[in-house]
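K.L.:
my questions are about this predicted structure, shown below with the sequence.
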Amino acid sequence: MRGKWAQPGARTGLRTLAGAVVGAVTLALTACSSVPNQGPSDTSAPAILAALQAAGVRDLRGSYRAALCRRLRDDGASCDDVLLRLPGEEALSATPPMADLARRYRVAFVPGLFADCVGPLLRPFAGVERDLAQAGVDVHYLPVAGRGTSAANAERLASQVAALPDDPRPLIVFAYSKGLPDLLEFVAHHPAKVHRIAAIVSIAGAAQGSLLADELQSEYRTWLSSFRLLSCAPGTGEEIDDVRRAVRLEWWRQHRATISVPVFSLVTMPRPDHLTPFTAATYHRLASIDPLNDGMLFWYDQILPGSHLLGFVNADHWSVVQSAGRDLPIMGVLFRDGHVPRTLLVEAAIEVVDNTLRGAATRSREGDVQAP
């Protein structure tokens, strides 16, 4: 298979097709910049903005910065260029990482919307998977339908998780974009299988939905949902409903009590000089409301109440999980993603998740001992 992709003709054809896919998606997303703001849906759950502590979010930015900066120094990169520092972050010293993480956890990745529509060269997390596997980590990719609904993809995830080899090591599952709603749907409706998952790490996850999905809903259903892309079937249009803000807020209101797995959020929010041209139109559309966005989501729409905040990455919604500029050099002008240390971001997250879980287990044991 590797030899086939190495053939010049095959690579050129794939690049052309991938370019058509990216162009179609860009056109659709850009169209929403002229769509007027819509009023609240009749199904919208009442919601407010709140400080992290008021929303029950545990702030782990200091711990995550310490874990990531240690790795970046070894790699010769600038930490402040990768991880943004916002007010309220506590300065912490790096704690020695556990040396046996690969022996105690398995790692899985869940992609997002359109992930299977552009072929293998633009698959999210591909480079990270290779790096982790080479380091001895047991890695699994849990593909979902790029145009599937969260309900359908939850069933697909249930089958894939059940099919994993028996292993006492729990999974740390990284979910990207719409992959987070898909994974949460699985957790909510398949509690008997959730014991295999120790934690969920959301990377640019559509936790609270996207304003763009609300604005683009009509146009997407009308023509883009049926537009045949490279390697995925046409959708029904319902897949975009899963990332509408009103739908996500209402879903969370109904299912919050059923989410027993701890969720850790890694938020994407690029500085203008790190913005990929591919996302410029939607970034500026959202920036007219709040400049702290990643081209698809506002920063606060990437965090769930009661979750753990890892940090704010200086990257846009696409570049945080894909190295398109490297994998498709002919399309490099559309992307600015060479600065994102994706593997180190994931490794630092695994370390902080492990420290947090071990701390919670210790507190639980101490509580049991002190209980009358």
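P.N.:
Received, thanks.
K.L.:
okay, now the unreliable bits of the stretch 151-300 of the chain?
P.N.:
221-231, 235 (pLDDT under 70).
K.L.:
any chance you could map the strands in it?
P.N.:
Taking DSSP state E, counting those that start in this stretch as the criterion, the stretch 151-300 of the chain carries its strands at 171-176, 197-203, 263-268.
K.L.:
okay if I get those strands as a markdown table plus distance to residue 122 and mean neighbour count?
P.N.:
Every C-beta, even on glycine, is put in place using the N, C-alpha and C of the backbone. As requested, the strands of the stretch 151-300 of the chain are exported to a markdown table (distance: least, Cβ to Cβ, whole Å; neighbours: other Cβ atoms under 10 Å):
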| stretch | distance to residue 122 | mean neighbour count |
| --- | --- | --- |
| strand 171-176 | 13 | 26 |
| strand 197-203 | 16 | 25 |
| strand 263-268 | 17 | 26 |
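K.L.:
and of those strands, who's closest to residue 234?
P.N.:
Closest to residue 234 of the strands of the stretch 151-300 of the chain is strand 171-176 (Cβ to Cβ; 22.4 Å).
K.L.:
quick one: the nearest residue to residue 217 once chain neighbours are set aside from residue 214, how far?
P.N.:
Spatial nearest neighbour of residue 217, chain neighbours left out: residue 240 (5.8 Å); criterion: Cβ to Cβ, 6 or more residues apart in numbering. For residue 240, the distance to residue 214 equals 9 Å [Cβ to Cβ, to the nearest Å].
K.L.:
same deal with residue 192?
P.N.:
34 Å.
K.L.:
the two: which has the busier surroundings?
P.N.:
residue 214 (24 against 7; other Cβ atoms under 10 Å).
K.L.:
report the beta-bridge partner residues of the nearest residue to that one once chain neighbours are set aside.
P.N.:
Sequence neighbours aside, residue 244 is the residue nearest to residue 214 in space, at 5.1 Å (criterion: Cβ to Cβ, 6+ apart). Beta-bridge partners of residue 244, counted by DSSP bridges, are residue 210.
K.L.:
what sits against residue 244?
P.N.:
41, 209, 210, 213, 214, 217 (Cβ atoms under 8 Å, 6 or more residues apart in numbering).
K.L.:
mind putting the residues you listed in TSV, distance to residue 159 included?
P.N.:
Putting the contacts of residue 244 into TSV (distance: Cβ to Cβ, whole Å) gives the following:
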residue	distance to residue 159
41	32
209	26
210	28
213	27
214	31
217	29
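K.L.:
quick one: buried ones out of these?
P.N.:
209, 210, 213, 214, 217 (16 or more other Cβ atoms under 10 Å).
K.L.:
so which of the residues you listed comes closest to residue 320?
P.N.:
Nearest member of the buried ones among the contacts of residue 244 to residue 320, counting by Cβ to Cβ, is residue 210, at 15.4 Å.
K.L.:
hmm, back to that, kindly reformat the buried ones among the contacts of residue 244 as CSV containing distance to residue 356.
P.N.:
Below are the buried ones among the contacts of residue 244 laid out as CSV (distance: Cβ to Cβ, whole Å):
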residue, distance to residue 356
209, 26
210, 28
213, 31
214, 33
217, 37
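K.L.:
of those residues, which is the nearest to residue 170?
P.N.:
Once Cβ to Cβ is applied, the member of these that ends up nearest residue 170 is residue 209, at 28.6 Å.
K.L.:
pop out the phi and psi values for the closest one.
P.N.:
Phi and psi for residue 209, reported as degrees, to the nearest 10, are phi 90, psi 180.
K.L.:
what's near enough to touch it?
P.N.:
Applying Cβ under 8 Å, 6+ apart, the residues contacting residue 209 are 243, 244, 245, 246, 247, 248, 249, 301.
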